[in-house]
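> Show me the folded form of this:
(chains A and B)
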Amino acid sequence: VKNIDRKTILKISKLANIEITEDEVEIYSKQIEEILQYVNKLNRVKKEETSFQSHTNLKNIFRDDISKTSLSSSEALQNRSKKIKDNLFIITEVLNR
Amino acid sequence: MKELFQLTVKEALDLLNKRDISAVDLVSSCLKRIDSMEPSINAFITIIHDEALEKAEEIDKKRKDGKKLGKLAGIPYSVKDVYNTKGFQTTAGSLALKGYISPYNATVYERLESEDAILIGKTNCDPFGFGSSTENSAYGITKNPLDTTRVPGGSSGGSGAAVAYGGGLFSIGEDTGGSIRCPASFCGITGLKPTYGRVSRYGAIAYASSYDTVGPMTKDVYDNALILEVIAGMDPKDATSHTTKVPQYTKFLNQNLKGKRIGLVKEYLNDGVDKEIRDSILNAIKTFKNMGCEIIEISLPNTEYAIATYYVIGIAEASSNLARIDGIRFGHFEKGSTWKEQVMKTRGSGFGQEEKRRIILGTYALSAGYSEKYYKKAQSMRILLKNEIMEAFKKVDILITPTMPVLPFKIGENTSDPLKMWLTDAFTVTINPTGVPALSIPSGKSASGLPIGMQLIGSHFKEEILYNFAYQYEKSLIK
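Reported below is the predicted structural model:
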């Protein structure tokens, strides 16, 4: 059974926020189908291990909630120096008015 | 007499301490080497000339004045371009992060700086670690210095090539699924993927957060152990870094191996392995046998599911980690009339083929209706794989396998077939889901003179045992 068609690739790339070209739709459909066929072998395994375990027996770490100095605004904004106003990033409208 | 760039870290430290050479001599020698090699190799994305020489001068002055110096004072090194370094751009090998200057430092970089090592460059890599050949980098292909028609391995291929040709005495790579061990094997050097959590990941640009490890790439085993001593240990900034005490790894190298048990994994010496590689590994096993080691055949039957497990979880985590790259706060940016269009355009043009392929696949594997079929199944298999390997360590001290089933391949040989490329990682990617450490060292050479890598796998936080075996083997080669 084929998993991936043109429509699926376009839907997933939209979910992933990635614009892809017509050529890429072609290439990825084929390649991704091939990879999915390969990883599908996992479904041959009947044994299930559902308990959650970390691979190195990690435990949750807690610390006291003490305030510390963090990055300054100018440092945090330094990679967009031209698109800053009042210490905020300027972005394109998200919601229509 | 060796050129200074040819020295190991240990040899250079001896000469620096005796004041036979200065840090300026050493750094200059490596920079000169880089300048002469880079046109044909392209191991670096950023080369740091002026700041490195200034720091070398400072260290020489401190040494002259009898001031206290760090453990690696004056040693020039590089880091893979996934480590954030204040003041120098960090691209992760991707166009999406071109020009990005981090406002903070990775812990591994801070630890090396505080021991007075000198950063001389940031190395090329497959974008975000996505690749096994460094052919996916947005900054050009890195060539293997041992044969420039071939790949250096990946994703830390720039680090592998730089260490092999003497562009710095060591490098810090990053291993999510073989990205340190593969280039170590292809470039004929020593590379460690430490236990997950042994070295802080803080400030390392994430690929798959539950696999990513930070490790040294060096000219020999002693140097590797020495660098791990400096970079390992708990870091409050990385909650997955571990509190297990950091041993003095260099003290374990000379222990006698008599009576120690080595597991030879049946599934890792199958027909898919190049014959010369198999012979080289079996030869190494003979050497260990002559040292008094006991060889036990081990079976890891779930190995056939390991690549699928690795990739499903790896791409799922990658698609989630890379969601933060939207062009709003840093990196590559493209205009659009709405927010959605702008982000889609920015990501569509900033990410290369392999990045897009993995993000789209990862998004698919996590999407409603498919996460049960792929992601959850892979998580279940991951635990089975870990249990299986832990069971093996009840019978043996280490496992030995080839690092790669193939010799360094030709540039362009596998680029049109991503699945074929992924399958060459069969023996390395299988380790990361289990969290255990694995070290790649040269086991020998092919008839055509290409390096062959041997992988030594140990139990969680037992890096010292790997170094012990590796050092003894390395010594046997010199004899």
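> who are the neighbours in contact with residue 53?
Answering for chain A, as no chain was given. B:383, B:386 (Cβ atoms under 8 Å, 6 or more residues apart in numbering or on different chains). For every residue, glycine as well, the C-beta is placed using N, CA and C.
> Switch to chain B, please.
B:24, B:27-28, B:31 are the contacts of B:L53 under Cβ under 8 Å, 6+ apart.
> same thing with B:I383?
So B:I383 contacts A:49, A:51, A:53 (Cβ under 8 Å, 6+ apart).
> Can you lay out those as a markdown table showing secondary structure?
Output for the contacts of B:I383, formatted as a markdown table (DSSP: H, G, I helix; E, B strand; the rest coil):
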| residue | secondary structure |
| --- | --- |
| A:E49 | coil |
| A:S51 | coil |
| A:Q53 | coil |
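> Can you redo those residues as TSV, where the extra columns are pLDDT?
Formatted as TSV, the contacts of B:I383 follow (pLDDT from 0 to 100):
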residue	pLDDT
A:E49	77
A:S51	71
A:Q53	70
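> Closest one to chain B out of those residues, please.
A:E49 (4.1 Å; Cβ to the nearest Cβ).
> in which helix or strand would I find the residue nearest to the closest one when sequence neighbours are not counted?
Spatially, and ignoring its direct neighbours in sequence, A:E49 is nearest to B:I383 (4.1 Å; Cβ to Cβ, 6 or more residues apart in numbering or on different chains). Using DSSP states H and E, the element containing B:I383 is helix B:377-392.
> Flag every buried residue along that helix.
B:377-386, B:388-389, B:392 (16 or more other Cβ atoms under 10 Å in any protein chain shown).
> Now do the longest helix along chain A against helix B:377-392: the angle between them, please.
Longest helix in chain A, counting residues (DSSP state H): helix A:22-39. Taking axes from the mean of the first three to the mean of the last three Cα atoms, to 10 degrees, one finds helix A:22-39 and helix B:377-392 inclined to each other by 40 degrees.
> Who are the contact partners of the residue nearest in space to the middle of chain A?
Nearest to the geometric centre of chain A sits A:A16, at 6.8 Å (Cα atoms, centre = their mean). A:A16 makes contact with B:319, B:323, B:347, B:359-360, B:362-363 under the criterion Cβ under 8 Å, 6+ apart.
> Buried ones among these?
Going by neighbour count (16+ other Cβ under 10 Å), the contacts of A:A16 have B:319, B:347, B:359-360, B:362-363 buried.
> Narrow those residues to those in helices?
B:319, B:347, B:359-360, B:362-363.
> on that earlier part again, out of the contacts of B:L53, who has the most neighbours?
B:V27 (28 neighbours; other Cβ atoms under 10 Å in any protein chain shown).
> Just the pLDDT for it.
pLDDT for B:V27: 98.
> Tell me where the chain has helices.
Went with chain A since none was named. A:6-15, A:22-39, A:73-76.
> Chain B is the one I meant
Going by DSSP H, chain B shows helices at B:9-17, B:23-41, B:50-64, B:107-114, B:157-165, B:181-187, B:221-231, B:275-290, B:306-321, B:339-350, B:353-366, B:377-392, B:418-423, B:463-478.
> if I look at the residue nearest to B:S29 when sequence neighbours are not counted, how far off is B:L169?
Distance criterion Cβ to Cβ, 6+ apart; nearest residue to B:S29, sequence neighbours excluded, is B:L4 at 3.7 Å. Counting by Cβ to Cβ, to the nearest Å, the separation of B:L4 from B:L169 is 9 Å.
> ok, back up a step: pLDDT and distance to B:S440 for the buried ones among the contacts of A:A16 - can I get that in a markdown table?
What follows is the buried ones among the contacts of A:A16, written out as a markdown table (pLDDT from 0 to 100; distance: Cβ to Cβ, whole Å):
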| residue | pLDDT | distance to B:S440 |
| --- | --- | --- |
| B:S319 | 97 | 28 |
| B:R347 | 98 | 34 |
| B:I359 | 97 | 28 |
| B:I360 | 96 | 31 |
| B:G362 | 95 | 27 |
| B:T363 | 95 | 32 |
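> Just flag the most distant two among the residues you listed.
B:R347 and B:G362 (13.4 Å; Cβ to Cβ).
> shaky segments in chain A?
A:1, A:52, A:96-97 (pLDDT under 70).
> looking at it, B:G435 is touching B:P194, isn't it?
No: counting by Cβ atoms under 8 Å, B:G435 stays clear of B:P194, with 10.0 Å between them.
> Who are the contact partners of residue 37?
Just going to use chain A. A:N3.
> Chain B is the one I meant
B:43, B:145, B:165-167.
> Which residues of the stretch 151-300 of chain B lie near chain A?
B:195-197, B:210, B:236, B:239-240, B:242 (Cβ under 8 Å from any Cβ of the partner chain).
> how about 7 Å then?
With Cβ under 7 Å from any Cβ of the partner chain as the criterion, the stretch 151-300 of chain B meets chain A at residues B:195-197, B:239-240, B:242.
> which pair in the residues you listed spans the largest distance?
Longest span within these, Cβ to Cβ: B:T195 and B:A239, 15.8 Å.
> Between these two, point out the one with more neighbours.
Taking neighbours as other Cβ under 10 Å, B:T195 and B:A239 compare with B:T195 leading, 25 against 16.
> Which residue comes closest to that one once chain neighbours are left out?
B:P437 (4.5 Å).
> And the one you found, how far from B:S155?
19 Å.
> Can you get me the start-to-end distance on stretch A:78-92?
One end of stretch A:78-92 sits 19 Å from the other (Cα to Cα, to the nearest Å).
> same question, stretch A:36-47
End to end - Cα to Cα - stretch A:36-47 spans 20 Å.
> Look up which residues are beta-bridged to the residue lying closest to B:S443 once chain neighbours are set aside.
Leaving aside its sequence neighbours, B:S443 sits nearest to B:M454 (Cβ to Cβ, 6+ apart; 3.6 Å). B:M454 has these beta-bridge partners by DSSP bridges: B:P402, B:I441.
> can I assume B:M454 is in contact with B:T403?
Yes: B:M454 is in contact with B:T403 according to Cβ atoms under 7 Å; the separation is 6.4 Å.
> shared neighbours, the two?
Shared contacts of B:M454 and B:T403, defined by Cβ atoms under 7 Å, 6 or more residues apart in numbering or on different chains, comprise B:S440.
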